[in-house]
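> Based on what follows, work out the 3D shape:
(2 chains, ligands or ions: 1)
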Amino acid sequence: MPVTRADMPKLVLCNMGVEGQNTLAGATARGAYSRIAKALAMAPAAVTDEVKKSNLRGRGGAGFPTGLKWTFIPKGAQTVYLVVNADESEPGTCKDREILFWDPHLVIEGIFLASYALGCRHAYLYIRGEMMREHHVLQRAVAEAYKAGWLGRDHACAGGGSFKLDLTVHRGAGAYICGEETALLNSLEGRRGWPRLKPPFPAVKGVWGQPTIVNNVETLANVPAIIEKGGEWFAGLGTPKSGGTRILGISGHVNKPGVYELPMGIPLREVIYDVCGGIRGGRALKGVIPGGSSMPILTPDEIDVPMEFDALMTDARIKPVEIRPGVKLDIGGGKQLRTMAGSGGVMVMDETTDMAMVCWRIMKFYAHESCGQCTPCREGTGWLERVTRRLAHGEGRPGDVELAESIASGIAGNTICPLGDAAAWPMLAFATKFRAELQSKITAAPATAHGAA
Amino acid sequence: MPLSFSTESARRIEALIKQYPDAQAASMPVLHLAQDEFGFLSDEAIQLVATALKLPVSHVYGVVTFYTMFRREPAGTNILRVCTNVACMLTGGYDVLKQVCERLGIQPGEKTPDGAFSIVEEECLAACADAPMALCGQRYFLRLDSKEKVDAMIEELRRQPQLERTLLPGPVEKGA
Ligand SMILES: Cc1cc2nc3c(=O)[nH]c(=O)nc-3n(C[C@H](O)[C@H](O)[C@H](O)COP(=O)(O)O)c2cc1C
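Next up, the predicted model:
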């Protein structure tokens, strides 16, 4: 049984809002870097084992088991890199920015522990270009950690050897796609941020051709607690397959929007009506996007599901996304798409919301952010933007919803990186769940034999 | 006079290159530095970066044109980034953008004649729980839920401009 809100310890946001915490003095007084000695007394593989036991899953979007990912580094690899993904830019996601600002030393400690487990001697943190304030805070924290000797100095470790870590903060320059891990690696190498074909996966051939682990900020910020209290303890806080807590950034039409650390698997209804104090003005809920704008929207009858990685993908109370009425989207191996936990960005919409507008705004985003490498995504996202713009502005043409569906199904699964899916999935979800509303925006007369323009 | 890096920048470029296994990886940090120093990335500035990193100009040019924060033209002193993505749209982000454009008399992508402001219509800036919002340099303007707050933001930036620069470690403002 996951913990309840009442007895849930905060692992990552414990210092949010505490002034002075983001300096070394403040952070150390609250326990930052206190887990390093314990880890250094363990063998690196034992640290990874602890993370495996913890059931920590990636908080960047895909929910991949972190400890398992770490074991993909080939045995005997000489140079290994840890790259921290702080590019947070999936619409609706607003947690990493808070973690970086309020607790940069917790993040650095997590990076240290993970690097020790992986045998990484130089880690890179890729921070989104627009986050100038957080970049500044982080730069200062890194300078402090160097001065205090946590970074850049040899530490005696288990087995009689020593371990030394360097950390470089690398600032992006405005490109959503660089959050995708292989695009991020190209960007770190000083190239255009184009995603790479997988395989090879980064764990085998990543940045500068070396085995590389890419992890999200929140993922790594959980590692100190795992080392301190043990993997089993961490696993026990969550659901059987997802350990720890979950940070949700809740925005839109709720009374108390915010970034909250909550029990893993908390029902979405409790998040909206309890944690966030319900919908503004006492209005009715119309829809909610549970994990960033690329994740399929849920309707009010689908919010009793737990906010947990597997449940959101498999819970039968969520209607599967269709490519046209009655035909379910197949996302590989006959698997259906319901929705996903994604990046924890929850966007709540009340009954006054124009769903065609929301759908268009999402399509506009992906059209703007497509890197242009793959034709289905480069062309398709632009077409989707145009069709949904017509609908949103009440100038839809007969067949537009079907057209959008066929474009989206043409993109899904046909691109190098998942940005194509990230645009196609929400499009199909809006067409599946708010079809009548989209159809109601069709005002143009059907083309006739003589009258077609 | 041809463009050149200051002695301080030249020293920092050397230090930046050492952070990476090769010089190419320093492209983005050095471009940020050049943009900070020269205000924008002219052909000449791109050439200078290419020379400093011993890279083909075409490579550096390709990097510059991929990322939206690298500018090929001078911008206003304040680059005011107003988000209109979903969370902000739901809470009035387009009204904020409209008001900002009206007050400053320019459209997104333009610069005021006095050079004090540029406006950028932004995609999500990761402050959704405080929507609608705008960002200028290191300064966040959160919960811009009234016309007064938007006007106050513009006034504040006129009095106290917020430059967009890569800042080195130093004093940090308090949390928003
Ligand atoms: C288009 C796209 C954008 C992404 N943006 C981010 C991001 O901003 N931050 C992030 O941590 N992961 C992002 N991801 C996921 C990363 O590719 C990667 O899975 C993640 O950083 C792995 O870390 P984790 O296992 O700790 O979650 C994105 C993925 C895609 C396809």
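> Give me the secondary structure label for the one residue in chain B that gets nearest to the ligand.
Per CB to the nearest ligand atom, the residue of chain B with the smallest distance to the ligand is B:Ala126, at 8.7 Å. Bear in mind the C-beta positions are built from the backbone N, C-alpha and C, glycine included. Under DSSP: H, G, I helix; E, B strand; the rest coil, the three-state class of B:Ala126 is coil.
> for the worst-scoring helix or strand of chain B on mean pLDDT, packing partners?
Lowest mean confidence among the helices and strands of chain B (mean pLDDT, DSSP states H and E): helix B:7-18, at a mean of 93. With contacts taken as 3 or more CB pairs under 8 Å, 6 or more residues apart in numbering or on different chains; DSSP states H and E, helix B:7-18 sits against helix B:27-38, helix B:43-53.
> circling back to that earlier point, contacts only, for the residue of chain B closest to the ligand.
A:Glu88, A:Ser89, A:Thr93, A:Cys94, A:Asp96, A:Arg97, A:Arg128, A:Glu130, A:Met131 (CB atoms under 8 Å, 6 or more residues apart in numbering or on different chains).
> thought the fifth one was touching A:Val217?
Put plainly, it is A:Asp96. Yes: at 4.1 Å, A:Asp96 counts as touching A:Val217 under the criterion of CB atoms under 8 Å.
> Looking at those two, which is more packed in?
Shown here are A:Asp96 and A:Val217; by other CB atoms under 10 Å in any protein chain shown, A:Asp96 has more neighbours (32 against 29).
> Against chain B, how distant is that one?
7 Å (CB to the nearest CB, to the nearest Å).
> got the phi/psi numbers for that residue?
Reported as degrees, to the nearest 10, the phi and psi values for A:Asp96 are phi -60, psi -40.
> Can you name every helix or strand that the helix or strand containing A:Leu220 contacts?
Secondary structure from DSSP states H and E places A:Leu220 in helix A:217-221. Helix A:217-221 sits against strand A:81-86, helix A:96-102, helix A:104-118, with contacts defined as 3+ CB pairs under 8 Å, 6+ apart.
> residues of it that come out buried?
By 16 or more other CB atoms under 10 Å in any protein chain shown, the buried positions in helix A:217-221 come out as A:Val217, A:Glu218, A:Thr219, A:Leu220, A:Ala221.
> Tell me which ones among the residues you listed also neighbour the ligand, please.
Near the ligand, judged by CB under 6 Å from any ligand atom, the entries from the buried residues of helix A:217-221 are A:Thr219.
> The longest helix along chain A - what's its average pLDDT?
Secondary structure of chain A per DSSP state H: the longest helix is helix A:375-392. Averaged over helix A:375-392, pLDDT sits at 96.
> Could you confirm whether any residue of stretch B:84-97 contacts chain A?
Yes: using CB under 8 Å from any CB of the partner chain, stretch B:84-97 reaches chain A at B:Thr84, B:Asn85, B:Val86, B:Ala87, B:Met89, B:Leu90, B:Thr91.
> So which of those residues is surrounded by the most neighbours?
B:Ala87 (35 neighbours).
> Go through the helices and strands packed on helix B:7-18 and pick out the most buried.
helix B:27-38 (a mean of 22; mean count of other CB atoms under 10 Å in any protein chain shown).
> and residue 88, how many residues sit next to it?
I'll assume chain A. Residues near A:Glu88, counting by other CB under 10 Å: 31.
> other chain: chain B
31.
> Show me what the secondary structure element (helix or strand) that it belongs to is packed against.
Assigning secondary structure by DSSP H and E places B:Cys88 in helix B:86-90. Helix B:86-90 sits against strand A:245-252, strand A:345-350, helix A:355-369, with contacts defined as 3+ CB pairs under 8 Å, 6+ apart.
> For the second one, which helices and strands make contact with it?
Spelled out, that is strand A:345-350. strand A:245-252, strand A:285-289, helix B:86-90.
> Kindly reformat the helices and strands packed on helix A:217-221 as CSV and extend each row with mean pLDDT.
Output for these, formatted as CSV (pLDDT from 0 to 100):
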stretch, mean pLDDT
strand A:81-86, 98
helix A:96-102, 97
helix A:104-118, 98
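> does chain A sit close to the helix or strand encompassing B:Ser58?
Here B:Ser58, judged by DSSP H and E, is contained in helix B:57-66. Yes: contact check for helix B:57-66 against chain A, using CB under 8 Å from any CB: residues in range are B:His59, B:Gly62, B:Val63, B:Phe66.
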